[in-house]
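Q: have a look; sequence and predicted model below, questions after that.
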Amino acid sequence: MRSRSWRPAAGHVFVSGYVVLLVAFGIAPTVYALNLAFTDGEGRFAGIGNFLRTAQDYRFVAAVGHVATYLVLWLVTLTVLVLLLALVVHRLASRWSRAALRFVYYVPGALAGASSVLLWLFMLDPSVSPVDGLVRSLWGDTFVQVIAPGHLPWIFTIIAFWTGAGGWITVMYGALNSIPYTVIEAARVDGAGPVKTALRVQLPMLRKWIVYMLILSLAAGTQLFVEPQLVSQAGFGVVGTDYSLNQLAYLYAFDQNDFNGSAAIAIDLLIVALCCAGLFVARGGLFDAD
Amino acid sequence: MRRRSHAAYRRAVPAATAAAAVLLAVAACGPPNPTASTKPTGAASPYGFTTAEQKDGKLVVWVDSTRLDAAKAYQTAHPGVPLDIVTYDGNANGSNTLKTKVQLFNRAGEGWPDVVFTTDNNTASWASQGDDAFVAPLNKGLLDDATLGGFAKGALDVCAVDGTVYCLRNDLAQVVLWYNKKLLDKFGYPVPKTWEEYAALGEKVAAEHPGYIIGTAGDAWAPEIYMWGGECPANQVTGAKAITVKATDAKCVRTARMLDKLVANKTMSMLPLFGPDFVKNQGDKVLMLPGPAWYGGAVFQGTIKTPKGELAVGDALHWADQAQPVTGNVGGGTWWLSRHTARLKAAKDFISWVATADEYQVALSPGYPAFSAAAAKWIKKQQDSGYYAGDISAPIAAAAGQVWSGWGSPEFSQEAIWAKTVIPGQTAGKTIESLLPDWQTAIEQQAQVSGYQVTK
């Protein structure tokens, strides 16, 4: 790859399939959404009219608050718990217990998104839940009390952690394994215990992986949709169908027949997610090549 | 060290690209470009709308799970008609499924079902107006007056916009008073006639027979039982896009106070009727329930399984100062015909049959038929079944004509607003009375989002 002239290589073949999908399902729809967001129903240029209109919607600020609260809870608990659990698994001496734990962590992630939420609807309904004692003591005696507005960010965080964190623990465990044994050994010789080794050696070396996890989780988290939508149906509408921004965009498109407003909210989400991802990349040094 | 970082870098690049792709996918929910749709004008049609080109094929029918029986009964009676029966949620609890799908079909220019059943009262408002109107007018030449005139007085109000009828009513859902006669006799209470007597009975039951309930308010349709029947002017549709909302009116306040009192002394349950908790904890504690005509089949026979010979019906409750006793209404299904249908004759035959034929409306319908001839036979059949204690036909038939006309059918769901505004507040321990201003604001905001001119 040192030569200046471009010539086809195996790498190009490998990425070509991805590029085609990226253009078809990533870039083309984005361009379409950008076009919709800046035009009105008749296709005339509308400036930032759609953005102003949707931002002034009484549901918009509430949805932003819901998603932001959820994201803070979810990203913080994800980072702390995933790293802690990965470090614990990595510390375990026995090969069997390591393999068993990694498998156990991964299992919930194997359930597809919506079906795992359905499973949680049963877990959270005190009248049918296998852990009803815990649910009752934490949140209340009836499903409607459980899904009270104040509980929802925590509930969605728990669902997201349960379905998504296992995969990340496995990834972090792999990353921990890639740290050369000599480095850990040197730390041990210098008198560092497990905690000090983790804080001073392992975590700094995992920084890029953590950033990577945060970017992907942020992208998934801002798109909160399935969880509130299903909770709304199961709760007979006690949780509105306008809880998250993505739901609001959905309502704009398919309830109010306002695709332009819907696209404007989607672009809002895109901008926020790109800015946060950019921040993480810059601060986390994801693309530093030393 | 260097090697590890390099490897990480190489793996991180596609990963970040993948992240970007995920972000971009946020915007990917847009459907394909709209195809040019023909704008129906109806000028040259004998039916008041421009019909689509007629073709052979299956008649696509959307029903909720309860009305699956209607479609199946039609199939049995007409084995030669090819049907494609699709079950959906029936637009219940303000889910807006039909609206969502129709707007997608409008954009795609194809895919509409030929016939749809809905349980809500909002469809006429959104589906009959504008360039993308979906439902076909029925009284502009498509159906004869004999069919349309056979429905109960006011039954087709929810189908009509400015005098044009767009649907056939499947069943009426007038609110009456359901009570357990055996229990009531055992306790020695008279059947209440007014809401005042009802509230007083609640106090007595709370003191003398704690645990028993005389109503529920945990469902999205609670305002349609109590507020509608109490003439609360929170939902007065005054034009195609105009609504008057006065949710803090004295009539709303007195209904709210009554409910708050009964909720506080636990004779009014806050559990959803069709949730698992209600059957388990209070199913055998139901002394009475003010509720729509379909409660008899769906709630008492279906959910809580009241034994034969115990259930009776009293006249709809009214406030003592109401000159004309009025009552509320909870849903009552409707049949709609798509103006895009390519099988107009079959679709017309289908909705006329399911809404009027004895084979469905009398033999199978769980609710009180809106078609008068079928209603008379239906109620006789119910009476003859021996399930009910005493005469149920007089109070149900009387209530059918008492539904207050001041509660309108806007294109948004009042049930959805109540469910997400008032019920969570009540769950948090607030009273309905204190939540009325929030309810007012929520209705106003939703009306404005739907493009309504709001008068307070």
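A: Alright, I've got the coordinates.
Q: skipping adjacent residues, who's closest to B:Ile443 in space?
A: Distances taken as Cβ to Cβ, 6 or more residues apart in numbering or on different chains place B:Val245 nearest to B:Ile443, at 4.9 Å, with adjacent residues excluded. Heads up, the C-betas are built off the backbone N, CA and C, glycines and all.
Q: list the residues that contact that neighbour.
A: Residues near B:Val245 by Cβ atoms under 8 Å, 6 or more residues apart in numbering or on different chains: B:233-236, B:440, B:443-444, B:447, B:454-456.
Q: now do B:Thr427
A: A:140, A:142, A:144-145, A:148, A:238, B:270.
Q: tell me, what's the model's pLDDT at the residue nearest to B:Ile443?
A: Looking at B:Val245, its pLDDT reads 96.
Q: equivalent analysis for B:Lys72, please.
A: B:Lys72 is given a pLDDT of 94.
Q: again with B:Ala19
A: 41.
Q: and the residue nearest to B:Ile443, backbone torsions?
A: phi -120, psi 110 (degrees, to the nearest 10).
Q: measure it to chain A for me?
A: As for B:Val245, its distance to chain A is 15 Å (criterion: Cβ to the nearest Cβ, to the nearest Å).
Q: what of B:Leu59?
A: On the measure of Cβ to the nearest Cβ, B:Leu59 and chain A end up 25 Å apart.
Q: need the residues of the stretch 1-150 of chain A near chain B, please.
A: Applying Cβ under 8 Å from any Cβ of the partner chain, we find that the stretch 1-150 of chain A lies next to chain B at A:15, A:18, A:22, A:25-27, A:29-30, A:32-34, A:36, A:57-59, A:125-128, A:140, A:142-145, A:148-149.
Q: buried ones only from those residues, please, as a ChimeraX command.
A: Selection of buried members from the residues of the stretch 1-150 of chain A next to chain B for ChimeraX, criterion 16 or more other Cβ atoms under 10 Å in any protein chain shown:
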select /A:22,26,27,29,30,32,33,34,36,57,59,125,126,127,140,142,143,144,145,148,149
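Q: now do the same for the residue nearest to B:Val115 when sequence neighbours are not counted: helix, strand or coil?
A: Closest residue to B:Val115 apart from its sequence neighbours, by Cβ to Cβ, 6+ apart: B:Val61 at 4.7 Å. State at B:Val61, reduced to three classes by DSSP: H, G, I helix; E, B strand; the rest coil: strand.
Q: okay, and the beta partners of B:Val61?
A: B:Val61 has these beta-bridge partners by DSSP bridges: B:Ile85, B:Val115.
Q: quick check, it in contact with B:Tyr88.
A: No. Judged on Cβ atoms under 8 Å, B:Val61 makes no contact with B:Tyr88 at a distance of 10.7 Å.
Q: give me the more crowded residue out of the two.
A: The residue with more neighbours, out of B:Val61 and B:Tyr88, is B:Val61; 27 against 18, by other Cβ atoms under 10 Å in any protein chain shown.
Q: do a quick rundown of the helices in the stretch 1-150 of chain A.
A: A:10-22, A:28-37, A:49-56, A:58-91, A:95-106, A:113-124, A:132-138, A:143-146 (DSSP state H, counting those that start in this stretch).
Q: next one: the next helix or strand after the shortest one to chain centre, how far?
A: It refers to helix A:143-146. Note on helix A:143-146: by DSSP states H and E, the next helix or strand toward the C-terminus is helix A:152-177. The chain centroid and the centroid of helix A:152-177 are separated by 9 Å under Cα atoms, centre = their mean, to the nearest Å.
Q: which strands and helices lie in contact with helix A:152-177?
A: Under the contact criterion of 3 or more Cβ pairs under 8 Å, 6 or more residues apart in numbering or on different chains; DSSP states H and E, helix A:152-177 touches helix A:58-91, helix A:95-106, helix A:113-124, helix A:207-222, helix A:226-234.
Q: and the next helix or strand past that helix?
A: In N-to-C order, the element after helix A:152-177 by DSSP H and E is helix A:181-189.
Q: any low-confidence regions in the stretch 1-150 of chain B?
A: B:1-44, B:93-95 (pLDDT under 70).
Q: so where does A:Ala264 fall, helix or strand?
A: Using DSSP H and E, A:Ala264 falls in helix A:259-284.
Q: is chain B contacted by that helix?
A: Yes. Judged by Cβ under 8 Å from any Cβ, helix A:259-284 comes into contact with chain B through A:259, A:262-263, A:266-267, A:269-270, A:273-274, A:277, A:281.
Q: same question, stretch A:219-230
A: Yes. Remark: stretch A:219-230 sits within contact range of chain B at A:219-220, A:222-223, by Cβ under 8 Å from any Cβ.
Q: hmm, who's touching that stretch?
A: So stretch A:219-230 is contacted by A:66-67, A:70-71, A:74-75, A:113-114, A:117-118, A:121, A:152, A:155-156, A:159-160, A:164, A:239, A:241, A:243-247, A:250, A:269, A:272-273, A:277, B:19, B:22-23, B:26 (Cβ under 8 Å, 6+ apart).
Q: which among these count as buried?
A: For the contacts of stretch A:219-230, buried by 16+ other Cβ under 10 Å: A:66-67, A:70-71, A:74-75, A:117, A:121, A:152, A:155-156, A:159-160, A:164, A:239, A:241, A:243-247, A:250, A:269, A:272-273, A:277, B:19, B:22-23, B:26.
Q: turn the residues of stretch A:219-230 next to chain B into JSON lines, including pLDDT.
A: Output for the residues of stretch A:219-230 next to chain B, formatted as JSON lines (pLDDT from 0 to 100):
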{"residue": "A:Ala219", "pLDDT": "88"}
{"residue": "A:Ala220", "pLDDT": "88"}
{"residue": "A:Thr222", "pLDDT": "90"}
{"residue": "A:Gln223", "pLDDT": "90"}
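Q: which of the residues you listed sits closest to chain B?
A: A:Ala219 (4.3 Å; Cβ to the nearest Cβ).
Q: give me the neighbour count for the closest one.
A: 24.
Q: hmm, A:Thr30 and A:Leu270 touching each other?
A: Yes. Between A:Leu270 and A:Thr30 there is a contact at 7.2 Å, judged by Cβ under 8 Å.
Q: what sits closest to B:Ile417 if chain neighbours are left out?
A: B:Ala442 (5.0 Å).
Q: list the buried residues in stretch A:161-181.
A: A:161-170, A:172-173, A:175-176, A:179.
Q: wait, I meant stretch A:178-193
A: A:179, A:184, A:187, A:192.
Q: assumed the last one was part of a strand.
A: Looking back up the chat, that one is A:Ala192. No. Counting by three-state DSSP, A:Ala192 is not part of a strand but coil.
Q: quick one: residues contacting the closest residue to A:Gly47 other than its chain neighbours.
A: In space, and not counting its chain neighbours, A:Gly47 is closest to A:Phe38: 7.0 Å by Cβ to Cβ, 6+ apart. The neighbourhood of A:Phe38, defined by Cβ under 8 Å, 6+ apart, consists of A:45-48, A:50.
Q: of the buried residues of stretch A:161-181, which is the nearest to B:Ala374?
A: Comparing the buried residues of stretch A:161-181 against B:Ala374 with Cβ to Cβ places A:Thr163 closest, at 49.9 Å.
Q: so what's that closest one scoring on pLDDT?
A: 82.
Q: please apply the same query to the one 10 residues further on.
A: Model confidence at A:Tyr173, given as pLDDT, is 88.
Q: please give me every residue in contact with the spatially closest residue to it that is not a sequence neighbour.
A: Computed as Cβ to Cβ, 6+ apart, the closest residue to A:Tyr173 that is not its neighbour in sequence is A:Ala86, at 4.9 Å. Contact partners of A:Ala86, counting by Cβ under 8 Å, 6+ apart, are A:169, A:172-173, A:175-176.
Q: buried subset of the contacts of A:Phe38, written for PyMOL?
A: Provided next is the PyMOL selection string for whichever of the contacts of A:Phe38 are buried by 16+ other Cβ under 10 Å:
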select buried, chain A and resi 46+50
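Q: save the contacts of A:Phe38 as JSON lines, and put in distance to B:Ile351 and pLDDT too.
A: Listed next are the contacts of A:Phe38 as JSON lines, based on distance: Cβ to Cβ, whole Å; pLDDT from 0 to 100:
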{"residue": "A:Phe45", "distance to B:Ile351": "44", "pLDDT": "90"}
{"residue": "A:Ala46", "distance to B:Ile351": "41", "pLDDT": "87"}
{"residue": "A:Gly47", "distance to B:Ile351": "46", "pLDDT": "88"}
{"residue": "A:Ile48", "distance to B:Ile351": "46", "pLDDT": "91"}
{"residue": "A:Asn50", "distance to B:Ile351": "39", "pLDDT": "92"}
